[in-house]
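*Asks:* Fold the stuff below for me.
(one chain, ligands or ions: 3)
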Amino acid sequence: MEATMRGVRLPGGRRVTMGEVPRPDPGHGQVLVRMKASSICGSDIRAIYREHLGHGPEAYQGVIAGHEPCGEVVAVGPGCVRVGVGDRVVIYHIAGCGRCHDCREGYMISCTAPAPTRAGYGWQRDGGHADFLLAEESTCIPLPAPLSYVDGALVACGFGTAYEALRRMGVSGRDRVLVTGLGPVGLAIGLLAKAMGASAVIGTDVSAPRRALAERIGAVDHALAADEGALEQVKGLTDGEGCEVAVDCSGAPAARLLALQGTRRFGRCAMVGEGNRIEFDVSQTLIHPQITLYGSWVTSVGHMEELVEKLVAWNLKPEVTVTHRFGLDQAAEAYRIADEGQSGKVVLVME
Ligand SMILES: NC(=O)c1ccc[n+]([C@@H]2O[C@H](COP(=O)([O-])OP(=O)(O)OC[C@H]3O[C@@H](n4cnc5c(N)ncnc54)[C@H](O)[C@@H]3O)[C@@H](O)[C@H]2O)c1
Ligand SMILES: [Zn+2]
Ligand SMILES: [Zn+2]
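*Replies:* Ligands and ions are numbered 1, 2, ... in the order given. You can find the predicted model right below:
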């Protein structure tokens, strides 16, 4: 095996640097993964690439970037019990303490231990934009054969996040779903909601190319321009009622408000898009229409494991949302495209 490896870092100000570093060796309970695919998330753009905005769990520590890693295990450290050399794995993108309440529930994302005990790959410890990744065995999820490495990378954050929000709201065939923001996470909401039985999906975005992509891959039945007329159109498509379920995947205040206003009476609404603030008339918008509002952050290790199994059963390939693939050497171009916000998912592919 090579003694060194390439790794991509994001110093801020829309810069991308590539360096050569020693290849790590797995310690106790750790595995070395040869990276095969590592996708770019909206959070990488928002909180790291443009400028280092994050605090706490979103504070980027100058490490190798990439929190959506997938690859093949090439070495295991002492004490590993489940993962072996040759296994194809998705890496749940945060390693937690394993002892706090949230970790015991499988939600290492919201582990309450301070850094460096809680560390997100690509945020506080080296991530997937590299030839190899040093991972905790506890964060590895076996990738079933029908799914590609790119499918796996997309599960590691985006599809996992979308599945969690829909699962938490118990989405089924009784629901129509409104999704505001048709970036990669919004596309995942549409595709998964349909697989879970939703009878119709309506999406909104300010980007025409993103609306077109959402319709082309069947993530939505109707893609609406996110303008003043959108609420009226959502009502028009739902017999004047609104959708039983709405999910904001934009983080934009106007889109969050539309998600709430487009939710049917007694319906459920989830906030998934991050950042920003929102102001609304609570009585008129939330209380009197009897709406249940959810916050949902990533997913649990167990639910991610469940998701890869379901994707196979549903014959759903997350990579249908991918429009751009680049080699590791082209990471700067990959980030430039992702930053434009007009494409589907952008992935670094290592082979
Ligand atoms: N909750 C979580 O666990 C979690 C996990 C991953 C990502 N995220 C967040 O989810 C969001 C989506 O991620 P992504 O990778 O798809 O990002 P993205 O930035 O590619 O997608 C956001 C989309 O929202 C659209 N948008 C902007 N303003 C809008 C408006 N007023 N109405 C409708 N659409 C509008 C944009 O055009 C864009 O297509 C980001 O905020 C990201 O940080 C949250
Ligand atoms: Zn992410
Ligand atoms: Zn913990």
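
*Asks:* what's the burial count for A332?
*Replies:* Using other CB atoms under 10 Å, A332 is surrounded by 15 other residues. For the C-beta atoms, the positions are set from N, CA and C on the backbone; glycine is no exception.

*Asks:* Report pLDDT for the nearest residue to it once chain neighbours are set aside.
*Replies:* Distances taken as CB to CB, 6 or more residues apart in numbering put V16 closest to A332, at 4.0 Å, once the chain neighbours are dropped. For V16, the model assigns a pLDDT of 98.

*Asks:* dump the residue contacts of V16.
*Replies:* Contact analysis of V16 by CB atoms under 8 Å, 6 or more residues apart in numbering lists 8-10, 49, 331-332, 335.

*Asks:* Residue numbers of this protein in contact with ligand 3?
*Replies:* 96-97, 100, 103, 111, 113 (CB under 5 Å from the ion).

*Asks:* Please pick the buried ones from the contacts of V16.
*Replies:* 8-10, 49, 331, 335 (16 or more other CB atoms under 10 Å).

*Asks:* With distance to V272 and secondary structure added, can I get those in TSV?
*Replies:* Below are those laid out as TSV (distance: CB to CB, whole Å; DSSP: H, G, I helix; E, B strand; the rest coil):
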residue	distance to V272	secondary structure
V8	26	strand
R9	27	strand
L10	23	strand
Y49	20	helix
A331	26	helix
Y335	22	helix
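
*Asks:* Quick check: of those residues, which lies closest to ligand 2?
*Replies:* Nearest to ligand 2 among those, counting by CB to the ion, is Y49 at 12.4 Å.

*Asks:* Quick check, that closest one in contact with R14.
*Replies:* Yes. The pair Y49 and R14 qualifies as a contact (CB atoms under 8 Å) at a distance of 6.1 Å.

*Asks:* so what's in contact with the two at the same time?
*Replies:* 335, 339.

*Asks:* Residue in the stretch 51-200 of the chain with the shortest distance to ligand 1?
*Replies:* Closest to ligand 1 within the stretch 51-200 of the chain is G183: 2.1 Å, counting by CB to the nearest ligand atom.

*Asks:* now that residue, nearest residue through space, not along the chain?
*Replies:* Nearest non-adjacent residue to G183 (CB to CB, 6+ apart): G42, at 5.4 Å.

*Asks:* and the one you found, how many neighbours?
*Replies:* G42: 22 neighbours (other CB under 10 Å).

*Asks:* What residues does it make contact with?
*Replies:* 183-185, 273.

*Asks:* Among those, which lie within strands?
*Replies:* Among the contacts of G42, no member falls in strands (criterion: DSSP state E).

*Asks:* Taking the residues you listed, tell me the two that lie furthest apart.
*Replies:* In the contacts of G42, two members sit farther apart than any others by CB to CB. They are P184 and G273, at 11.7 Å.
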